[in-house]
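> only the shape, not the letters, is given here:
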């Protein structure tokens with residue numbers, strides 16, 4: 001093959017990837033980790049995905065659960081992979097997973113589902129679009145490119161934990177399990193109460209779902225305990241309305257601050273070992 005033919009072939013491949021929604025891929029530092037830029041028609045922008053495959057992915061022929069992480073960074077993906085490996089070594093309960101970190105472009109726009117004093121009306125709300133991007137664009141792309149099971153987990157922290165709870169109430173069918181690290185309803189508790197009342201009228205859509213929420217009692221963002229009370233009330237609301245249909249646990253860390261460091265690890269322990277027993 002001549003140099004000109006090689007260039008033409010590369011150009012054709014890149015054009016085909018663009019038509020599929022993939023703009024380009026580049027290697028990360030880890031052996032099984034890399035990034036892909038996905039073209040989103042719904043969002044009208046390109047979104048970078050940081051993907052890490054299980055160590056034996058190429059040889060196993062197996063399909064794997066997928067753990068989606070908001071606020072995706074290389075550091076966060078590495079920590080996520082480390083937590084999965086540690087839990088697997090210590091308990092043998094956590095399966096290998098495909099990890100997908102979704103990088104932010106405009107975090108506030110994507111995460112806030114309503115205007116508050118922290119996100120004024122002068123700013124555009126994009127959470128509905130971001131949720132819409134996940135269902136017809138993101139998940140189908142991952143399922144097409146990689147060997148996946150039907151087990152999908154989502155994990156958010158701080159503001160993206162708020163969005164995780166929003167996704168749980170608005171579109172529970174997207175994921176089987178939801179982990180909200182330092183979840184809260186800052187300035188929007190009434191919005192979430194109304195959303196919960198509407199969502200819980202259709203109990204069947206929450207069948208078999210699992211919800212894990214964490215909070216550190218030394219969180220500097222919660223000096224008066226208002227967030228702790230919000231999450232206590234919300235977890236009670238979930239249990240009272242959904243009962244045995246959904247496994248829900250609110251994990252309190254007495255000596256931790258914002259986004260307790262073992263939130264993901266304990267969340268995965270709850271999902272894969274404790275199930276409906278109620279705690280990790």
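Happy to help now that I have it. None of these values were measured; they are calculated from a predicted model. Residues are numbered from 1 along each chain as shown.
> what mean pLDDT does stretch 81-90 have?
Average pLDDT, stretch 81-90: 91.
> now swap in stretch 43-51 and tell me
96.
> lowest-pLDDT helix or strand in the chain?
The least trusted helix or strand in the chain, going by mean pLDDT, DSSP states H and E, turns out to be helix 3-20, with a mean of 43.
> quick one: the helices in the stretch 1-150 of the chain, in order.
Ranges of helices within the stretch 1-150 of the chain are 3-20, 57-60, 74-91, 107-111, 127-133, 139-145, based on DSSP state H, counting those that start in this stretch.
> what's the third one packed up against?
Helices and strands in packing contact with helix 74-91 are listed as strand 33-40, strand 45-52, strand 64-69, strand 98-102, helix 263-269; criterion 3 or more C-beta pairs under 8 Å, 6 or more residues apart in numbering; DSSP states H and E. Yep, even glycine has a C-beta here, placed from its N, CA and C like the rest.
> which SS state does residue 156 fall under?
strand (DSSP: H, G, I helix; E, B strand; the rest coil).
> quick one: secondary structure of the residue nearest to it when sequence neighbours are not counted?
Distances taken as C-beta to C-beta, 6 or more residues apart in numbering put residue 164 closest to residue 156, at 3.7 Å, once the chain neighbours are dropped. Assigned with three-state DSSP, residue 164 falls in the helix class.
> show me what contacts residue 164?
Each residue near residue 164 by C-beta atoms under 8 Å, 6 or more residues apart in numbering is listed here: 70, 154, 155, 156, 178, 179, 180, 183.
> mean confidence for stretch 242-262?
Mean predicted lDDT for stretch 242-262 stands at 97.
> quick check: end-to-end length of it?
27 Å (C-alpha to C-alpha, to the nearest Å).
> from the chain's centroid, how far away is that stretch?
Mean-position distance between stretch 242-262 and its chain equals 16 Å (C-alpha atoms, centre = their mean, to the nearest Å).
> same check, this time on stretch 231-251
Worked out by C-alpha atoms, centre = their mean, stretch 231-251 lies 19 Å from the chain centre.
> ChimeraX command for the buried members of the contacts of residue 164?
Filtering the contacts of residue 164 down to the buried ones (16 or more other C-beta atoms under 10 Å) takes a single ChimeraX command:
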select :70,154,155,156,178,179,180,183
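> looking at the contacts of residue 164, spot the one nearest residue 56.
Nearest to residue 56 out of these is residue 155 (C-beta to C-beta; 23.0 Å).
> may I have the beta-bridge partners of that closest one?
residue 69, residue 179 (DSSP bridges).
> so it sits against residue 267, correct?
Yes: judged on C-beta atoms under 8 Å, residue 155 makes contact with residue 267 at a distance of 6.8 Å.
> overlap of the contact sets of the two?
Joint contacts of residue 155 and residue 267 (C-beta under 8 Å, 6+ apart) are 179, 181.
> nearest to residue 132 among the helices and strands packed on helix 74-91 would be which one?
Here strand 33-40 is closest among these (C-beta to C-beta), at 9.6 Å.
> from the contacts of residue 164, which is closest to residue 116?
residue 183 (15.2 Å).
> list the residues that contact that closest one.
For residue 183, counting by C-beta under 8 Å, 6+ apart, the contacting residues are 161, 162, 164, 165, 213, 214, 215, 231, 234.
> same check, this time on residue 237
Contacts of residue 237 (C-beta under 8 Å, 6+ apart): 196, 200.
> if I pick residue 62, what's in contact with it?
Residues near residue 62 by C-beta under 8 Å, 6+ apart: residue 147.
> what pLDDT does it get?
96.
> separation between it and residue 186?
From residue 62 across to residue 186, the span is 41 Å (C-beta to C-beta, to the nearest Å).
> residue 46: neighbour count?
15 (other C-beta atoms under 10 Å).
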